[in-house]
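Colleague: Build me a structure from this.
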Amino acid sequence: MKALPRWYLIVGFVLLVWLLYLLGPMLSPFIIAIVLAYMGDPLVDRLERMKISRTWGVIIVFAIFSLVLTILLVVLVPLLGKQLVRLYELVPQMIDWTQHIALPWVQAKFGLNDNFWRLDQLKGALSDNLGKTTDIVSMVVKKVTASGMALVGWVANLLLIPVVSFYLMRDWDLMVAKLRLMLPRHQEETVVKLMGECHEVIGAFMRGQLLVMLALGVMYATGLMVIGLELGLLIGVFAGLASIVPYLGVFVGISSALIAGLFQFGLDPYPLLAIAAVFVVGQMLEGMLLTPWLVGDRIGLHPVAVIFAIMAGGQLFGFSGILLALPVAAVIMVLLRHAHDFYKQSGAYNNGEVID
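Modeller: Predicted coordinates:
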């Protein structure tokens, strides 16, 4: 049998990408299910080594995931909701403090005109809408209930995630083995090596960087709440999530925490120094303990590449693209590294001399 021309493979790949683009709106539950199955597979494998059947191992892992999700929904979400409402209430007061205390000080220091800042309109708009929260909520509820099919579709997608994830997690090793059997025999070793490196990089991110984000979020939120910062939980969680990009979490967290601290404590230096100390200690622990222990140097994605991947994924494929952005970027990084090594050994780089 004749081998397929390479342009067939290229056309097939382009068609696959185009099909995924068209199916983007419905891919989110499947992508989330794949991520959960990928993260849960090592736990199931470990339970299998303890003489527990694959099915029961999946059930145990699902029970652990469900317990963690329940704790988040019952404990964390209501607390974050309260702080979001409190932040919404404080915004007009923060604008007032900025306009009458902070900005006059800046004007005096830099000799700016009195009419340089115009925050009255923004403050008035926020104050007018402050009492309309219930109206906004009722409007959203009416919109959702008016589109019954959209609501049914959303619930169906939500219920689809655990079902798909269960079957993927149960059959993960079997599917990987079947995919390996489909590889061209003369290229199996190379492809398996590349996929092994991709797996190491993706695993380092998904099981390492996410744990670093979780640990930083807990440390930041706990430290800020101990200090007594009113929005400490909200800022700590947000800073932990922003830590997906190196150094972005500490920058966003300390900036927002110091602004909230200035508004709450005034110019009292001790709470502000304590806020700064929380993020300094968190950054030291991340650099010296968390990242080397949980992640190591296996990811290798530059912070700019991380930002670009997330933005590009969201622009091209929406929420599904955001979920896939960093794993795809990690795979591309591995392939580019091997392409770079191949180029350095080729005749194009070595003036016609090929290095074995």
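Colleague: Quick one: mean pLDDT for whatever helix or strand A325 lives in?
Modeller: A325 belongs to helix 303-344 when assigned by DSSP states H and E. Helix 303-344 comes out with an average pLDDT of 76.
Colleague: Show me what it is packed up against.
Modeller: Contact here means 3 or more Cβ pairs under 8 Å, 6 or more residues apart in numbering; DSSP states H and E; on that basis helix 303-344 packs against helix 6-22, helix 24-49, helix 188-203. C-beta here means a position set from N, CA and C on the backbone, and glycine is covered the same way.
Colleague: swap the cut-off to 6 Å and go again
Modeller: helix 24-49, helix 188-203 (3 or more Cβ pairs under 6 Å, 6 or more residues apart in numbering; DSSP states H and E).
Colleague: for the last one, the distance to its chain's centre please.
Modeller: Put plainly, it is helix 188-203. 23 Å (Cα atoms, centre = their mean, to the nearest Å).
Colleague: what do you get for the longest one?
Modeller: The chain centre lies 16 Å from the centre of helix 24-49; the measure is Cα atoms, centre = their mean.
Colleague: Now do that helix against helix 6-22, angle only.
Modeller: Here helix 24-49 runs at an angle of 100 degrees relative to helix 6-22 (axes from the mean of the first three to the mean of the last three Cα atoms, to 10 degrees).
Colleague: got the angle for helix 24-49 vs helix 303-344?
Modeller: Using the same axes, to 10 degrees: helix 24-49 against helix 303-344 is 80 degrees.
Colleague: one step back: tell me the angle of the helix holding A325 relative to helix 188-203?
Modeller: Using the same axes, to 10 degrees: helix 303-344 against helix 188-203 is 160 degrees.
Colleague: re earlier: could you export the helices and strands packed on helix 303-344 as a markdown table, including distance to M175, mean neighbour count and mean pLDDT?
Modeller: Shown next, in a markdown table, are the helices and strands packed on helix 303-344 (distance: least, Cβ to Cβ, whole Å; neighbours: other Cβ atoms under 10 Å; pLDDT from 0 to 100):
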| stretch | distance to M175 | mean neighbour count | mean pLDDT |
| --- | --- | --- | --- |
| helix 24-49 | 10 | 17 | 83 |
| helix 188-203 | 13 | 15 | 79 |
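Colleague: what's the closest of those helices to L76?
Modeller: helix 24-49 (19.0 Å; Cβ to Cβ).
Colleague: Pull the contacting residues for A239.
Modeller: 220, 249, 252-253 (Cβ atoms under 6 Å, 6 or more residues apart in numbering).
Colleague: Show me which of these is closest to L20.
Modeller: G249 (30.7 Å).
Colleague: Might one say that that closest one is in contact with V237?
Modeller: No - at 10.6 Å, G249 does not count as touching V237 under the criterion of Cβ atoms under 6 Å.
Colleague: where in this structure is pLDDT low?
Modeller: Along the chain, segments meeting pLDDT under 70 span 1-9, 24-25, 103, 111-154, 246, 294-303, 319-320, 323, 347-356.
Colleague: D41 is in contact with R170, isn't it?
Modeller: No - the pair D41 / R170 is not scored as a contact, 9.8 Å apart, by Cβ under 6 Å.
Colleague: who touches both of these two?
Modeller: Overlap of the contact sets of D41 and R170 (by Cβ under 6 Å, 6+ apart) is empty.
Colleague: re earlier: ok, which pair from the contacts of A239 is furthest apart?
Modeller: Y220 and V252 (10.4 Å).
Colleague: So those two - more neighbours on which side?
Modeller: Comparing Y220 with V252 by other Cβ atoms under 10 Å, the one with more neighbours is Y220, at 29 against 17.
Colleague: Okay, and the more buried one sits in which element?
Modeller: Going by DSSP H and E, Y220 is part of helix 210-227.
Colleague: Done for today, thanks.
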